[in-house]
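Trainee: Predicted model follows, preceded by the sequence.
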Amino acid sequence: MKEPTVSIILPNRNYAPFLPDAIASIKAQTLTDWECIIIDDASTDNSVEVINNLIADDNRFKLIVNKTSRGISTSRNLGINAARGEWISFLDSDDCYAEYFLEMLVKLAREADVEIAGALAKIVNEDFHFKVSDTKWNTYDYIFFENPLDMIRMPQVRKWIWCWRKIYKRSVLKYIRFRDEMKVNGDDVMFMLDLQWHVPRIAESNIEGVYHRTHKTSITSRFNIERVTMFPLMFKYIKDELLDKYKKDFWDAFYPGLFLLLMSESFIRFGSVLNDQNKKDLKKILKSACKQVVTKRLPFKQRLLCRYLRWKK
């Protein structure tokens, strides 16, 4: 059987209302030589029924159903392991591709001779519905990134951790996987940190290629204690495996921001909805995370705060 040009990996958990748009945007791709591997992570809504109805007439789709929830990272890894395409792309089930996304990025990657190519994201609201656009795309309006430091300084529409904005040569993911312990979020951060030092040269189109939906039911919009449990794991992995992979100027820019995100998630962003048990749990997680922080990578005031939180009873 001939291998497809692109393997699209689409994880889903309880996003049945958004699946018709996501799958419609895949079916509308002007590059038709693709396979789509959908991994349903033990949804408790009618996602599986919706998916089966939407893909019944197209054998380019393959559905994998997890019997128990295994998390976003494991679901994406199952997709990578099953992929046969020359290129791999990711799509979240509440987002959509522009209809030219795959064709534009495959052509760009080949012409620019890179193993990773990306497009801009367009932020849309909950009521967005996919439709074919009249965008005139090209492969000459792009820029190179050859320094990870430049990549992390880009605006949100080119956010470096958004792994679904890009396509990847499958060969570069041979030894790269999402961290299974990142079950809710943090998966994309660790994936891109693992990947970028291997492949620092990326071609980025200046044309929008993905519609990123914001809505009140997304994991980034609501409190979940698992959102914070990622931080001790993340700081430990960075300390043990990644500190020597990037230059000092990269960590000077990235590390304080990650520490501030820990503070925001623990104290600020969801403070008004936390109950007493949440606060106790967060206190333990915060202390555990601070014990994994390499304080010399923090500016002076953050360093003092981290040390205080580390030893505070």
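Mentor: Nice, thanks for sending it over.
Trainee: Quick one: residues contacting the nearest residue to His215 once chain neighbours are set aside.
Mentor: Spatial nearest neighbour of His215, excluding adjacent residues (C-beta to C-beta, 6 or more residues apart in numbering): Glu126 at 3.8 Å. C-betas here are computed from N, CA, C, even on glycine. Counting by C-beta atoms under 8 Å, 6 or more residues apart in numbering, Glu126 touches Arg213, Thr214, His215, Lys216.
Trainee: Could you tell me which of these belong to strands?
Mentor: Using DSSP state E, Arg213 are the members of the contacts of Glu126 that sit in strands.
Trainee: Among the contacts of Glu126, which one lies nearest to Cys163?
Mentor: Taking C-beta to C-beta as the measure, Arg213 is the one of the contacts of Glu126 closest to Cys163, at 16.0 Å.
Trainee: gap between the residue nearest to the closest one when sequence neighbours are not counted and Phe18?
Mentor: Closest residue to Arg213 apart from its sequence neighbours, by C-beta to C-beta, 6+ apart: Asp94 at 4.8 Å. Distance of Asp94 to Phe18, given as C-beta to C-beta, to the nearest Å: 4 Å.
Trainee: the more surrounded of these two?
Mentor: Phe18 (25 against 22; other C-beta atoms under 10 Å).
Trainee: Can you classify that one by secondary structure?
Mentor: Following DSSP: H, G, I helix; E, B strand; the rest coil, Phe18 is assigned to helix.
Trainee: For it, which residues are in contact?
Mentor: Contacts of Phe18 by C-beta under 8 Å, 6+ apart are Ser93, Asp94, Arg213.
Trainee: Make JSON lines out of those residues and add pLDDT and distance to Leu309.
Mentor: Formatted as JSON lines, the contacts of Phe18 follow (pLDDT from 0 to 100; distance: C-beta to C-beta, whole Å):
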{"residue": "Ser93", "pLDDT": "96", "distance to Leu309": "36"}
{"residue": "Asp94", "pLDDT": "95", "distance to Leu309": "34"}
{"residue": "Arg213", "pLDDT": "94", "distance to Leu309": "35"}
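Trainee: Is it possible to get CSV of the residues you listed that adds distance to Asp33?
Mentor: Supplementary listing: those in CSV, determined by distance: C-beta to C-beta, whole Å:
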residue, distance to Asp33
Ser93, 22
Asp94, 26
Arg213, 27
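Trainee: of all the residues you listed, which comes closest to Lys284?
Mentor: Nearest to Lys284 out of the contacts of Phe18 is Asp94 (C-beta to C-beta; 31.3 Å).
Trainee: what's near enough to touch that closest one?
Mentor: Tyr15, Phe18, Ala22, Arg213, His215, Ser218.
Trainee: Now which of those residues would you call buried?
Mentor: Tyr15, Phe18, Ala22, Arg213, His215 (16 or more other C-beta atoms under 10 Å).
Trainee: Greatest separation within those: which pair is it?
Mentor: Every pair of these checked by C-beta to C-beta; the farthest is Ala22 and His215, at 13.1 Å.
Trainee: Counting neighbours, what do you get for the residue nearest to Phe250 when sequence neighbours are not counted?
Mentor: Using C-beta to C-beta, 6+ apart and skipping residues adjacent in sequence, the residue nearest Phe250 is Leu149, 4.8 Å away. Other residues lying near Leu149 total 16 when counted by other C-beta under 10 Å.
Trainee: And the pLDDT for Leu149?
Mentor: We have a pLDDT of 92 for Leu149.
Trainee: swap in the one 10 residues further on?
Mentor: We have a pLDDT of 93 for Lys159.
Trainee: same check, this time on Leu274
Mentor: For Leu274, the model assigns a pLDDT of 67.
Trainee: count of residues packed around the closest residue to Lys312 other than its chain neighbours?
Mentor: Nearest residue to Lys312 in three dimensions, chain neighbours excluded: Lys287, at 7.1 Å (C-beta to C-beta, 6+ apart). Around Lys287 there are 15 other residues, counting by other C-beta under 10 Å.
Trainee: All good on my end, thank you.
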